[in-house]
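[1] Model the following, please.
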Amino acid sequence: MTRRQNRKFNKERHDKDVSKEAFKFPLDIDISDDAGTKSSPPLYSEPEYVRRPERQTKYRASKPSVKRPTRMTISKARQVPSSIHGLKKPERTERDEREIYLEKFKNYNSVIVDKIVRERTERERRKDKQKMKEQQQRAELAALKKKRDAEKANGELVRQKSPAREKKNDTLSVLGTKQEKLREKQQASTGKRIGPNATQPGISMLGNAQAADYKEPNKALSEKIDAAFTKLNVEGRVISYTSNGVIGRYEVKLNRAFRVSNIPRLNAALKEELSLGELRIMSPLIGTSNIGLEVPLENVRPITFRTLFEASSLKLRKSDYKFVIGKTVDDKIFSYELSKAGHVLIYGNQPNYDTNVIDNILLSLLMNHNPNDLKVAIAADNDNYDDYLDIPHSFSSRVSPGDPEALKIFMHELNERSVQFRRAHVRNIQSYNSRVKFESRKATLVIIIDDLSALLQNKNPEAVRSLIQILKQGKPLGMHVIANYATTDSGIRYELLQLLQTKIAFYDADNNTVGGTDELTQGNDALAVIPTSNKPNRISMGAVNKIVKQSVFDHIKHNNR
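    Predicted structure coming up:
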């Protein structure tokens with residue numbers, strides 16, 4: 001560390017500097033040139049010293065400028081024009097984000113967009129053509145008027161006017177006579193409508209309704225139930241009765257101290273005491289703390305399709321793809337929308353009643369939908385559903401589930417709809433039909449597979465893969481599968497069972513598909529599970545008469561041309 005020296009006044013150095021010649025003011029100095037003339041010195045002259053060169057720093061060339069924009073630099077929202085030079089736009093060397101984004105769709109073709117552009121171009125062309133025609137007619141009228149004025153000014157004879165026309169054509173217009181335009185509008189309004197002539201089948205052709213006395217209780221059985229509870233030393237009595245014509249339910253009020261764990265023993269004891277082979281206890285009933293004894297009726301009152309149709313919202317004749325299959329035990333109509341149901345599985349070996357389920361679903365849809373809204377396809381080995389192939393709603397001819405290419409036509413339709421929906425930028429059939437014209441709309445396709453077990457057990461992996469793909473992608477595209485699984489010896493895989501959202505199961509002793517089917521009665525008795533509820537509903541299926549089916553088919557054939 002060096003010590004700082006004290007700065008003192010040096011007298012000797014000061015005296016030496018003072019002894020030098022004093023500085024002369026520039027005005028007192030006479031500068032003579034070579035000729036001897038005196039001239040005044042310039043007011044300013046270049047300094048005699050040389051500036052020391054600047055110190056060069058290392059990496060000067062790579063040092064960033066202060067004005068260079070960085071990531072944190074805030075640019076102006078817009079360029080402010082100068083009052084003198086105006087707005088000087090810099091040459092764009094880089095493409096903006098919008099140009100790069102639009103380049104992706106340079107070679108992209110959309111059917112809907114092309115049609116809109118084509119229609120708009122055609123409309124503008126017609127307007128331009130009409131405008132040119134009007135201008136030409138105005139020019140001709142102006143030239144004719146100018147010619148007549150010139151002839152009249154020269155004193156020439158004016159041509160005789162043509163005889164007066166009829167009143168209907170005497171109103172001259174640039175675009176034609178007004179009467180002709182009015183006449184064309186009247187003809188267009190009174191002309192015959194071009195389109196399909198479709199009428200819905202009437203309710204009167206659905207046959208007879210259900211017998212009116214199906215709600216009357218069996219008083220003898222009600223008294224026997226009260227006596228059985230007294231004999232079993234259980235505090236309980238029958239307080240109400242409901243029935244749908246096939247199954248009767250006796251509502252029993254028990255003591256609050258009765259345990260739910262004793263229900264299975266109570267069920268076995270009541271069967272033995274009442275001598276009933278089939279008895280099902282519902283515990284507890286919805287909305288109450290009571291139990292219900294469900295007993296099959298001896299005198300069955302069949303549930304007809306007309307009763308189901310008239311008592312449900314189907315009688316409003318809406319195009320909502322709602323179907324009805326039967327009644328619950330508490331005498332309520334079981335109806336559901338096909339778009340929410342998705343794919344339907346009918347499980348159980350009940351050949352006399354499983355066809356009624358499919359008939360109820362298809363007749364419900366055919367009553368309220370024309371061939372432009374609904375199509376039906378059949379994949380079956382037997383001829384139980386050949387009647388649906390003769391109506392205009394038929395999608396194709398009947399195919400066999402055992403055929404290796406049984407579902408090929410449906411896969412082609414699935415891929416075609418997927419491409420068209422993607423080009424239209426939609427995800428479901430409702431959005432697609434709301435955007436396109438009537439001629440381009442897609443109909444809801446219902447595929448009936450009569451025996452799903454034959455398709456799965458035929459060792460046909462291609463058909464199984466096609467079926468799984470239809471079950472995964474078909475619902476939003478408007479394709480629904482209704483599969484009948486008749487063989488209960490072999491179960492269904494869990495993955496395939498989850499793809500079938502709505503399940504209708506008949507009596508099954510092994511209880512493989514829906515819990516509680518082992519407590520049902522054999523015949524027209526089933527449990528239905530819908531996607532919006534995990535609790536199964538006990539349903540008695542409606543019966544469809546062949547005469548009713550034939551009358552509906554005849555009406556559709558002759559009135560849907």
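[2] backbone phi and psi for Tyr347, please?
    When read as degrees, to the nearest 10, the backbone of Tyr347 gives phi -110, psi 130.
[3] Count the neighbours of it for me.
    Residues lying near Tyr347 (other Cβ atoms under 10 Å) number 29. For every residue, glycine as well, the C-beta is placed using N, CA and C.
[4] is it in a bridge, and if so with what?
    Beta-bridge pairing for Tyr347 (DSSP bridges): Tyr485, Ala505.
[5] Check the contact between it and Tyr507; I expect there is one.
    No. Tyr347 is beyond contact range of Tyr507, at 10.3 Å (criterion: Cβ atoms under 8 Å).
[6] OK, contacts around the most centrally placed residue in the chain?
    Most central in the chain under Cα atoms, centre = their mean is Asn428, positioned 3.0 Å from the mean C-alpha point. The neighbours of Asn428, taking Cβ atoms under 8 Å, 6 or more residues apart in numbering as the test, are Phe421, Pro476, Leu477, Gly478.
[7] from the residues you listed, which would you call buried?
    Among the contacts of Asn428, the ones that count as buried by 16 or more other Cβ atoms under 10 Å are Phe421, Pro476, Leu477, Gly478.
[8] in stretch 496-505, what's buried?
    Using 16+ other Cβ under 10 Å as the test for burial, stretch 496-505 gives Leu496, Leu499, Leu500, Gln501, Thr502, Lys503, Ile504, Ala505.
[9] neighbours of the closest residue to Glu294 other than its chain neighbours, just the number please.
    Leaving out its chain neighbours, the residue that sits closest to Glu294 by Cβ to Cβ, 6 or more residues apart in numbering is Arg280, at 4.4 Å. Neighbours of Arg280 under the rule other Cβ under 10 Å: 19.
[10] re earlier: looking at the buried ones among the contacts of Asn428, which is nearest Ile539?
    Gly478 (26.2 Å; Cβ to Cβ).
[11] ok, which stretches of the stretch 151-300 of the chain are strands?
    236-243, 247-254, 280-282, 291-296 (DSSP state E, counting those that start in this stretch).
[12] give the contact list for the residue nearest to Glu294.
    Asn267, Leu293, Glu294, Glu519, Leu520, Arg538.
[13] mind putting those residues in CSV, distance to Asp128, pLDDT and neighbour count included?
    Below are the contacts of Arg280 laid out as CSV (distance: Cβ to Cβ, whole Å; pLDDT from 0 to 100; neighbours: other Cβ atoms under 10 Å):
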residue, distance to Asp128, pLDDT, neighbour count
Asn267, 85, 87, 17
Leu293, 82, 91, 24
Glu294, 77, 91, 21
Glu519, 78, 85, 17
Leu520, 74, 87, 23
Arg538, 70, 91, 23
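[14] Looking at these, which one is closest to Val529?
    Closest to Val529, out of all of the contacts of Arg280 and judged by Cβ to Cβ, is Arg538, at 11.2 Å.
[15] Is that closest one in contact with Glu519, as I believe?
    No. Using Cβ under 8 Å, Arg538 is not in contact with Glu519; the gap is 9.2 Å.
[16] Show me how the chain divides into domains.
    213-296, 305-559 (automatic domain parsing).
[17] mind checking the longest helix of the chain?
    helix 111-153 (DSSP state H).
[18] And the pLDDT at the nearest residue to Ile449 once chain neighbours are set aside?
    Excluding the flanking residues, the one nearest Ile449 by Cβ to Cβ, 6+ apart is Ala483, at 4.4 Å. Reported pLDDT at Ala483 in the predicted model: 93.
[19] Pull the helix or strand hosting Ala483 out as CSV, backbone CA atoms only.
    Using DSSP states H and E, the element containing Ala483 is strand 479-485. Provided in CSV are the C-alpha atoms of strand 479-485 (Å, rounded to 0.1, in the frame of the first residue of the first chain):
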residue,chain,number,x,y,z
MET,A,479,-74.9,-45.9,-34.6
HIS,A,480,-76.5,-48.1,-31.9
VAL,A,481,-76.2,-51.8,-31.3
ILE,A,482,-79.0,-53.9,-29.8
ALA,A,483,-77.5,-57.4,-29.1
ASN,A,484,-79.4,-60.5,-27.9
TYR,A,485,-77.2,-62.9,-26.0
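[20] ok, back up a step: and the contacts of Arg280 as CSV, adding distance to Pro371?
    Listed next are these as CSV, based on distance: Cβ to Cβ, whole Å:
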residue, distance to Pro371
Asn267, 50
Leu293, 47
Glu294, 42
Glu519, 42
Leu520, 37
Arg538, 35
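[21] returning to that earlier point: the residue nearest to Ile449 reaches Leu500, doesn't it?
    Yes. Between Ala483 and Leu500 there is a contact under Cβ under 8 Å: 6.8 Å.
[22] so what's in contact with the two at the same time?
    In contact with both Ala483 and Leu500: His343, Val344, Leu345, using Cβ under 8 Å, 6+ apart.
[23] Skipping adjacent residues, who's closest to Val111 in space?
    Nearest non-adjacent residue to Val111 (Cβ to Cβ, 6+ apart): Arg423, at 5.7 Å.
[24] Good, wrapping up.
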